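Colleague: Curious how this folds, go ahead:
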Amino acid sequence: MSSLKKKLKTIIGLVVGGTATFTGICIYHGNEKFTNDVLLPLVHRLDPETAHKAGIWALKANIYSKHKPIEYPNLRTKLWDLEIPSPLGMAAGFDKDGEAIEGLHQLGFGFVEVGTVTPLPQPGNPRPRVFRLLEERNAYQCDYLLDMSSLKKKLKTIIGLVVGGTATFTGICIYHGNEKFTNDVLLPLVHRLDPETAHKAGIWALKANIYSKHKPIEYPNLRTKLWDLEIPSPLGMAAGFDKDGEAIEGLHQLGFGFVEVGTVTPLPQPGNPRPRVFRLLEDGAIINRYGFNSCGHGEVFNRIESLRNQGFNGVIGVNLGKNKTSDDPIADYVAGVNKFGPVADYLVINVSSPNTPGLRNLQQKESLTALLMAVLAARDKLVTTRKVPVALKIAPDLTEEEKKDIVEVITHPKCKVDGLIISNTTVSRPGSLVSDHKTEVGGLSGAPLKDMSTKMIREFKTMTKGKIPIIGVGGISTAEDVIEKLEAGATAVQLYSAFTLKGPFVAKEINSSLSELLKKSSEVKVLP
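Modeller: The predicted model follows:
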């Protein structure tokens, strides 16, 4: 109940704050419909002298500063020897003490008469001392009470005010990075959407640059090297979120040190039928069976090339896959290397997704050897200013024999990849899962994967004698999780599920906490 009260209080604050914000914007921009249909009827419910003082305060506060009086040459006239822009002036009695002169001129009055002013201050007559006579049939009070069609119109306008105000306030809170609003209001609402719809909305928001106000905070003690790349943070966005390279810049703005797009297939393909992604909120997890839905090499390449041409220098990885109906998987991966080698900072060979039939068979010794030999040969033929690193992404469900085979392959001179990404999603289902969707088919990611992936990182670090850099993925949602992965042997880490479950500011929170942990603890030395 206390949590419910807190949420209700926040939602009421959202509506009230939104309404107030929207009201201010409408007044500032001189929205006459809003003023006539909403503001004036409300003002007329105030005591007349209170409304008078509010009007003077509004003019003193310069809330109409956006307004410049329109000049009408045919209205200019002379009053005695005075040139006035309009024959219409404000009579004495409104601005008794000369507090609103400038504001009244901004509203179009050709001249303003202040007062009446007396030599000495005096309070005037006792209150109440000013009265409205609104008894005419068309006056506002009668309009509200008697004219039902007009009442419906007014109600419609007021509903529009509340909805518009709430939307405006929401946009302002998101733009300014209000984390309390995001956590208490926005995320619970987003989690009521279908997960794939919410995913698309997140991509849209990043494409629309609604976080453009945010510049990632630089933490000097988080800077590290991944191969020959300088990255501002060891925390990256894993493949799977920005499948088509639409949100790269926005994700960097939110604090990710690098962004891996994809999985990208040579030809466009729709992926598996919907529904194909499920939240397990009680378990801090996601199950997906997207199946490499992709717009294809061409579109993704064009987006990345366009970013590069605009001067974007953030680190971009491209995760490569094969088409579901491909007769030649090796050719698909080679095509990806040839296409993206000139624009990517690193490439990933993804043979570990559980959602494309037969894909994980490419992790078998003979298949993997043939694939890596072809991919690396293609990479070595690229005419680029640097040798683009190639990493292999592997599954967490490997047997001990399969792990040994992979190490044997990737340490062979002709198959030696530049890095490992450990790990992809798991097809296993821990007995601890409690969410309704726990039996859905697909890859499980998030908190239940954390220990499994950390164990694999430690194993492969030992088995490769630390000679192959590792990017750790799986279950990261806090700075402590990052440190755990780095201490296990990772050079850098990635997350995806935590972004979906905890919201857009998770990278910012982790970077801040990680920087503080590194400062406070002399024992924590995990960055190269």
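Colleague: Please make it C-alpha for all contacts and neighbour counts, starting now.
Modeller: Will do.
Colleague: Can you give the contact residues for whichever strand or helix holds residue 480?
Modeller: Under the criterion of DSSP states H and E, residue 480 resides in helix 479-488. Counting contacts by Cα atoms under 8 Å, 6 or more residues apart in numbering, the residues outside helix 479-488 that touch it are 235, 454-455, 457-458, 461, 472, 475-476, 492-493, 510-511, 513-514, 524, 526-527.
Colleague: Quick check: next helix or strand after that helix?
Modeller: Using DSSP H and E, the next helix or strand after helix 479-488 towards the C-terminus is strand 492-495.
Colleague: neighbouring strands for that next one, and are they parallel or not?
Modeller: Partners of strand 492-495 in the sheet, by DSSP bridges, are strand 235-237 (parallel), strand 470-473 (parallel).
Colleague: buried ones in it?
Modeller: 492-495 (16 or more other Cα atoms under 10 Å).
Colleague: out of those, who's nearest residue 190?
Modeller: Among the buried residues of strand 492-495, residue 495 lies closest to residue 190 (Cα to Cα), at 19.3 Å.
Colleague: and the closest one, how far is that from residue 246?
Modeller: Distance, residue 495 to residue 246, using Cα to Cα, to the nearest Å: 18 Å.
Colleague: Ok, residue 365 next?
Modeller: Residue 365 sits 35 Å away from residue 246 when distances are taken as Cα to Cα.
Colleague: again with residue 359
Modeller: From residue 359 to residue 246 the distance is 25 Å (Cα to Cα).
Colleague: how about low-confidence regions in the protein?
Modeller: Counting by pLDDT under 70, the ranges of the chain that qualify are 1-34, 37-38, 64-67, 135-179, 181-182, 211-214, 522-528.
Colleague: one step back: among the strands paired with strand 492-495, which comes closest to residue 415?
Modeller: strand 470-473 (16.3 Å).
Colleague: now the angle from the helix or strand where residue 456 lies to helix 479-488?
Modeller: In this assignment (DSSP H and E), residue 456 forms part of helix 450-463. In terms of direction (axes from the mean of the first three to the mean of the last three Cα atoms, to 10 degrees), helix 450-463 departs from helix 479-488 by 20 degrees.
Colleague: what's residue 91 in contact with, if anything?
Modeller: 112-114.
Colleague: Can you list which of these are found in strands?
Modeller: Among the contacts of residue 91, the subset assigned to strands under DSSP state E consists of residue 112.
Colleague: List buried members of the contacts of residue 91 by neighbour count.
Modeller: 112, 114.
Colleague: Tell me the one among the contacts of residue 91 nearest to residue 369.
Modeller: Nearest to residue 369 among those: residue 112, at 88.0 Å, using Cα to Cα.
Colleague: Tell me the bridge partners for the closest one.
Modeller: With DSSP bridges as the criterion, residue 112 is bridged to residue 90.
Colleague: any idea how far residue 302 is from residue 309?
Modeller: Going from residue 309 to residue 302 by Cα to Cα gives 10 Å.
Colleague: If you count surrounding residues, which of the two has more?
Modeller: More crowded of residue 309 and residue 302, by other Cα atoms under 10 Å: residue 302, with 13 against 10.
Colleague: Could you report the neighbour count for the closest residue to residue 191 other than its chain neighbours?
Modeller: Of all residues not flanking residue 191 in the chain, residue 198 sits nearest, at 7.6 Å (Cα to Cα, 6 or more residues apart in numbering). Residue 198 has 16 neighbouring residues, counting by other Cα under 10 Å.
Colleague: three-state assignment of residue 198?
Modeller: helix (DSSP: H, G, I helix; E, B strand; the rest coil).
Colleague: what's the spacing between the helix or strand harbouring residue 105 and its chain's center?
Modeller: If you go by DSSP H and E, residue 105 is part of helix 101-106. Centroid displacement of helix 101-106 relative to its chain, using Cα atoms, centre = their mean, to the nearest Å, is 42 Å.
Colleague: Return the set of buried residues in that helix.
Modeller: By neighbour count on 16+ other Cα under 10 Å, the buried set for helix 101-106 is 101, 103-106.
Colleague: Can you give me the neighbour number for residue 300?
Modeller: Residue 300 - counted by other Cα under 10 Å - has 22 other residues nearby.
Colleague: That one contacts residue 248, correct?
Modeller: No: applying Cα atoms under 8 Å, one finds residue 300 not in contact with residue 248, separated by 11.0 Å.
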